[in-house]
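Visitor: predicted structure and sequence below. I'll ask about it afterward.
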Protein chains: 2
Amino acid sequence: MFRGSFEHTIDNKGRLSIPSKFRDVLVGKGDERIVMTNFVIDGKRCLDVYPVDAWLHFEEEIRRKPKFDPRMVRFQNYYLGSACECSPDDHGRILIPPALRKYADLKRDVVLVSALEKFRVWDRDAWKQIFVEAEDKLMQDPDFLGDLGL
Amino acid sequence: MFRGSFEHTIDNKGRLSIPSKFRDVLVGKGDERIVMTNFVIDGKRCLDVYPVDAWLHFEEEIRRKPKFDPRMVRFQNYYLGSACECSPDDHGRILIPPALRKYADLKRDVVLVSALEKFRVWDRDAWKQIFVEAEDKLMQDPDFLGDLGL
DNA sequence: ACTATAAGTGGCGCTTAGTGGGAAAAGGTG
DNA sequence: CACCTTTTCCCACTAAGCGCCACTTATAGT
């Protein structure tokens, strides 16, 4: 399980260091390969990154579902269609394909944010907006927080 | 269960001593690891700190809930996304990640305040305000206090 | 009141994580 | 087949993290 958020930078060759705490999780699985694809939350684009085993498990679940539901076709086109597998180099860096980098508008400064069994990569400014909006909306809904035991 | 509040200082490397009374609780659990994340009360930001077992239990509850409710997505981004696990060094100090330190505006002087199964870390001035505000509002609501048997 | 013990704070130095850049290898194109 | 671009592997630099030791203040016991 990934935990925490980390500010890293993409160098001018398109390489991104995976935070060592995330890499530890991958090493623990005995397979450092990851799969990344595009995603969007609240109208803001980011990348979803899965350990390869979690991704395969996810694919398997998808395969069980009705294949010709038009929504499922769209989902496959969108989410599965862009998926890209890669392995970190010996410094724990991954090379983000230009298409995905462009999609999520990743320039230099990015944030890697845990999301349970996967993590996400955001442009730093976009993440800031997502974060403060989440903070605001949550604060305005004390009942919801109360239900969670906070 | 944590109890009490303690004024400590963060050294210039970002390390913070956990009060020995809090540490005793962790030692009693047989696992001194803690998980901290950001939180906000009455518009003032602080850190929530959980013993690792309490945090895992909490995560488990979250995982049961509907994953794609937008409020839950926001909550995951905000609360879980910033969560950071760490262990105290042999003097019982933890290193607070820069991002969290900045978030809660923790400079040098902080207060660690118990909150049942977890505790919170506040900038000392912010805590002062939270405290007197709580005092004021309570005094103006004698019925509420009466219900509590005070 | 004095001593002994523990708690909190500070600082040094080694290690490792994160980043950058150059050279070799691979792949694609005219 | 030669040339150019992209990827991969390597080496190097910097700064942050972490273990260790030392000092000071608080607490407790005689």
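Guide: Done, it's in.
Visitor: any idea how far A:Gly43 is from the residue nearest to A:Lys44 when sequence neighbours are not counted?
Guide: Excluding the flanking residues, the one nearest A:Lys44 by Cβ to Cβ, 6 or more residues apart in numbering or on different chains is A:Ala126, at 4.9 Å. Any C-beta I mention is one placed from the backbone N, CA and C, and that applies to glycine too. Shown here: A:Ala126 relative to A:Gly43, a distance of 10 Å by Cβ to Cβ, to the nearest Å.
Visitor: then A:Tyr79?
Guide: 17 Å.
Visitor: more neighbours, the two?
Guide: Neighbours per residue, other Cβ atoms under 10 Å in any protein chain shown: of A:Tyr79 and A:Gly43, the larger number sits with A:Tyr79, 15 against 8.
Visitor: surely that one is within a helix?
Guide: Yes. The assignment for A:Tyr79 by DSSP: H, G, I helix; E, B strand; the rest coil puts it in a helix.
Visitor: follow-up on the earlier one: what sits against the residue nearest to A:Lys44?
Guide: Listed by Cβ atoms under 8 Å, 6 or more residues apart in numbering or on different chains, the contact partners of A:Ala126 are A:Lys44, A:Arg45, A:Cys46, A:Ala104, A:Asp105.
Visitor: the second one: which element?
Guide: Yep, that's A:Arg45 we're talking about. Per DSSP states H and E, A:Arg45 falls inside strand A:44-51.
Visitor: the helix or strand just after that strand to strand A:44-51, inter-axis angle?
Guide: Once strand A:44-51 ends, the next helix or strand along the chain (criterion: DSSP H and E) is helix A:52-64. On the basis of axes from the mean of the first three to the mean of the last three Cα atoms, to 10 degrees, helix A:52-64 is oriented at 110 degrees to strand A:44-51.
Visitor: just to revisit the earlier point, between strand B:44-51 and the helix or strand harbouring the residue nearest to A:Lys44, find me the angle.
Guide: In this assignment (DSSP H and E), A:Ala126 forms part of helix A:124-139. Per the same axes, to 10 degrees, the angle that helix A:124-139 makes with strand B:44-51 is 90 degrees.
Visitor: tell me the average confidence for helix A:124-139?
Guide: Helix A:124-139 carries an average pLDDT of 96.
Visitor: spell out which parts of chain A neighbour chain B.
Guide: A:1, A:3-7, A:41-42, A:113-116, A:130-131, A:133-135, A:137-139, A:141, A:144, A:148-150 (Cβ under 8 Å from any Cβ of the partner chain).
Visitor: repeat that with 10 Å
Guide: Listed as neighbours of chain B in chain A under the rule Cβ under 10 Å from any Cβ of the partner chain: A:1-7, A:21, A:41-42, A:111-117, A:119-120, A:122, A:127, A:130-139, A:141, A:144-145, A:147-150.
Visitor: list buried residues within these.
Guide: A:2-6, A:21, A:41, A:111-117, A:119-120, A:122, A:127, A:130-131, A:134-135, A:137-138, A:144, A:150 (16 or more other Cβ atoms under 10 Å in any protein chain shown).
Visitor: the residues you listed in helices, which ones?
Guide: Among those, the members found in helices (DSSP state H) are A:Lys21, A:Trp127, A:Ile130, A:Phe131, A:Ala134, A:Glu135, A:Lys137, A:Leu138, A:Phe144.
Visitor: residue ranges with poor pLDDT in chain A?
Guide: Along chain A, no part satisfies pLDDT under 70.
Visitor: nearest to DNA strand D: which residue in it?
Guide: A:Leu95 (4.5 Å; Cβ to the nearest atom of the strand).
Visitor: show the backbone phi and psi for that residue.
Guide: Main-chain dihedrals, A:Leu95, degrees, to the nearest 10: phi -100, psi 120.
Visitor: list the contacts of it.
Guide: A:Ile10, A:Lys13, A:Gly14, A:Arg15, A:Leu16, A:Cys84, A:Cys86, A:Ser87, A:Pro88, A:Asp89, A:Arg101 (Cβ atoms under 10 Å, 6 or more residues apart in numbering or on different chains).
Visitor: let's go with 8 Å and repeat that
Guide: A:Leu95 touches A:Lys13, A:Gly14, A:Arg15, A:Leu16, A:Cys86, A:Asp89, counting by Cβ under 8 Å, 6+ apart.
Visitor: A:Trp122 is in contact with A:Asp105, correct?
Guide: No. Taking contacts as Cβ atoms under 8 Å, A:Asp105 lies outside contact range of A:Trp122: 9.3 Å.
Visitor: what does chain A put close to DNA strand D?
Guide: Residues of chain A lying close to DNA strand D (Cβ under 7 Å from any atom of the strand) are A:Lys13, A:Gly14, A:Arg15, A:Asp89, A:Asp90, A:His91, A:Leu95, A:Pro97, A:Pro98.
Visitor: no further queries at this time; thank you.
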